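J.: Provide a 3D model corresponding to the input given below.
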Amino acid sequence: MTTTGKYTTLPDWLATLLWTLVALVVLDQALDRAFPLPADPRVPPSQVASYLDGGRSVEAKLRRMFSTHDTLAAPVTLSGWVDPVRWPADRPLESGRRFVTVFGPSFALAVGDTLESLHPHWQFRARGGPAAPVSHVYALWRVDRSRVHSDVAVLGILASSLRGVDAASGATWMFESPYPYTYPRWRVEGDSVSGEWPSLASSDSMRAALASPARWRAYEGELARTDAWYRPALFRASWLDHSVTFRLLRKAWAQRETRLHTARLHDRHGFKPGAEALRTARALAIQFAREVRADGGVPVVMLIEDRGYDDHLERALGADLRAAGVPCMSTHGIAPPTDPGTFTADAHFRGELNQRLAAALDSLIREASGPGGGNPSETVPR
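T.: Take a look at the predicted model:
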């Protein structure tokens with residue numbers, strides 16, 4: 001420290017440090033204001049704004065996307081909820097047709113939709129959500145089975161979503177682009193599974209909780225107890241959400257957490273046999289088949305191998321499911337994930353592959369239906 005007359009000046013190194021910090025803060029806030037998110041959550045942000053916002057806390061993202069009413073909220077807030085109040089109404093079953101309900105992510109729903117177009121004796125119903133893990137899909141089945149009888153029920157298991165089985169919301173294990181729907185964290189108990197159902201099971205209840213500090217704290221406590229992906233520093237909103245620098249740092253940390261969590265379940269050689277998510281998925285698929293049969297329906301499990309998974313899901317689950325008497329098909333033989341031509345620009349199967357998968361699904365249903373082969377005139381007993 002030096003003095004000039006009666007004034008004291010800072011050492012050069014400290015002055016440089018302070019001015020550097022001031023410049024960084026100005027640059028940070030200038031970036032934040034130069035690339036804002038659209039005021040309307042229904043409007044997609046620019047690529048730069050989306051990148052800079054990727055590290056915003058989950059809570060802050062949810063508060064923005066829910067807005068004050070469904071009509072003003074981001075479309076994703078309405079998808080995947082286990083509460084049937086907002087589910088679309090089913091078409092009445094047409095004469096000479098049978099209900100086939102597909103429970104799963106968009107891959108499975110596309111195959112089910114194609115099945116109806118190729119084979120008019122099926123009337124397709126859909127229950128699912130974006131990137132839905134099997135624990136979420138099974139919860140949808142449990143709710144739907146008490147409302148509508150499905151002659152055939154198909155459970156779709158997506159390889160890349162298996163890591164969401166030990167979560168309780170699409171908002172925790174998909175940090176950068178969270179899906180707010182919730183579902184139970186199922187646990188294997190003997191030869192069955194049990195789970196704690198979420199207290200927030202609809203878009204209305206989530207919006208109400210976001211408006212109530214006490215209810216929101218209770219929900220965070222629920223996640224801390226049931227969701228293996230929950231991290232308070234990634235989830236909770238704070239003043240750091242207004243800093244581009246801290247958002248980028250949080251984003252990097254979230255990506256590291258995702259890599260570490262996924263590595264405990266899967267590597268380039270396949271799924272790890274002792275992983276909890278794998279054991280839970282196996283138990284859920286077997287219990288699903290047992291319950292569908294108890295309801296007088298035909299169960300089918302579809303193992304969906306998406307990009308980066310080759311035949312890993314088939315090798316991890318296929319033999320066990322068939323040994324348990326569960327009708328099962330894998331997509332990798334028809335839509336090989338190692339072939340870049342398998343996928344469209346949005347990473348889904350090409351249309352002609354969905355047609356071939358639908359034909360394979362129809363054949364499996366006929367085989368599993370026994371005498372009559374699944375024809376409408378030979379309906380499964382109810």
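
J.: that's a strand at residue 193, yeah?
T.: Yes. In this structure, residue 193 lies within a strand as judged by DSSP: H, G, I helix; E, B strand; the rest coil.

J.: pLDDT score assigned to it?
T.: Taken from the predicted model, the pLDDT recorded for residue 193 is 93.

J.: how close does it get to residue 52?
T.: Between residue 193 and residue 52 the distance, using Cβ to Cβ, to the nearest Å, works out to 41 Å. Quick note: C-beta positions are derived from backbone N, CA and C, even for glycine.

J.: from what I can see residue 60 touches residue 242, true?
T.: No. The pair formed by residue 60 and residue 242 falls short of the contact definition of Cβ atoms under 8 Å, at 9.3 Å.

J.: ok, these two, which is more surrounded?
T.: Under the neighbour definition other Cβ atoms under 10 Å, residue 60 and residue 242 were set side by side, and residue 60 has more, 18 against 13.

J.: what packs against the host helix or strand of the more buried one?
T.: According to DSSP states H and E, residue 60 maps onto helix 58-66. Using 3 or more Cβ pairs under 8 Å, 6 or more residues apart in numbering; DSSP states H and E as the contact test, the elements touching helix 58-66 are helix 203-210, helix 232-235.

J.: Could you point out which of those helices sits nearest residue 34?
T.: Among those, helix 232-235 comes nearest to residue 34, with 25.2 Å by Cβ to Cβ.

J.: where along the stretch 1-150 of the chain do the helices fall?
T.: Assigned by DSSP state H, counting those that start in this stretch, the helices in the stretch 1-150 of the chain fall at 12-34, 47-53, 58-66, 106-118, 134-144.

J.: Comparing the ones you listed, which comes out most buried?
T.: Between the helices of the stretch 1-150 of the chain, helix 134-144 has the highest mean count of neighbours, a mean of 24, where neighbours are mean count of other Cβ atoms under 10 Å.

J.: Render the CA-only coordinates of the helix holding residue 60 in CSV, please.
T.: C-alpha atoms of helix 58-66 as CSV (Å, rounded to 0.1, in the frame of the first residue of the first chain):
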residue,chain,number,x,y,z
VAL,A,58,-34.7,-26.5,-11.5
GLU,A,59,-37.0,-24.6,-9.3
ALA,A,60,-36.4,-21.4,-11.3
LYS,A,61,-37.1,-23.2,-14.5
LEU,A,62,-40.3,-24.7,-13.1
ARG,A,63,-41.5,-21.3,-11.9
ARG,A,64,-41.1,-19.8,-15.3
MET,A,65,-42.6,-22.6,-17.3
PHE,A,66,-45.8,-22.9,-15.1
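
J.: so where do the helices sit in the stretch 151-300 of the chain?
T.: Taking DSSP H, counting those that start in this stretch as the test, the helices found in the stretch 151-300 of the chain are 203-210, 213-226, 232-235, 244-263, 276-294.

J.: can I get those in TSV with mean neighbour count, distance to residue 318 and mean pLDDT?
T.: Converted to TSV, the helices of the stretch 151-300 of the chain look like this (neighbours: other Cβ atoms under 10 Å; distance: least, Cβ to Cβ, whole Å; pLDDT from 0 to 100):
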stretch	mean neighbour count	distance to residue 318	mean pLDDT
helix 203-210	19	36	96
helix 213-226	15	29	97
helix 232-235	16	35	97
helix 244-263	15	21	95
helix 276-294	20	10	97
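
J.: could these go into CSV alongside distance to residue 45?
T.: Supplementary listing: those in CSV, determined by distance: least, Cβ to Cβ, whole Å:
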stretch, distance to residue 45
helix 203-210, 20
helix 213-226, 25
helix 232-235, 20
helix 244-263, 13
helix 276-294, 32
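
J.: So for residue 114, which of the ones you listed sits nearest?
T.: Residue 114 lies closest to helix 276-294 among these, at 21.5 Å (Cβ to Cβ).

J.: what's stretch 24-31 in contact with?
T.: The list of residues contacting stretch 24-31 from outside it, by Cβ atoms under 8 Å, 6 or more residues apart in numbering, reads 52, 243, 244, 245.

J.: chain center to that stretch, what's the gap?
T.: In terms of Cα atoms, centre = their mean, to the nearest Å, the centre of stretch 24-31 is set 34 Å apart from its chain centre.

J.: for it, what is the average pLDDT?
T.: Per-residue pLDDT values across stretch 24-31 average out to 72.

J.: Let me see the contact set for the closest residue to residue 57 other than its chain neighbours.
T.: Among residues not flanking residue 57 along the chain, residue 237 sits closest, at 4.8 Å (Cβ to Cβ, 6 or more residues apart in numbering). Residue 237 sits next to 57, 59, 60, 63 when contact means Cβ under 8 Å, 6+ apart.

J.: Surely the second one is in contact with residue 236?
T.: Yes. Residue 59 lies in contact with residue 236 (Cβ under 8 Å); the separation is 5.6 Å.

J.: for residue 66, what are its contacts?
T.: Contacts of residue 66 were listed using Cβ under 8 Å, 6+ apart, and they are 41, 73, 74, 77, 180, 203, 206, 207, 210.
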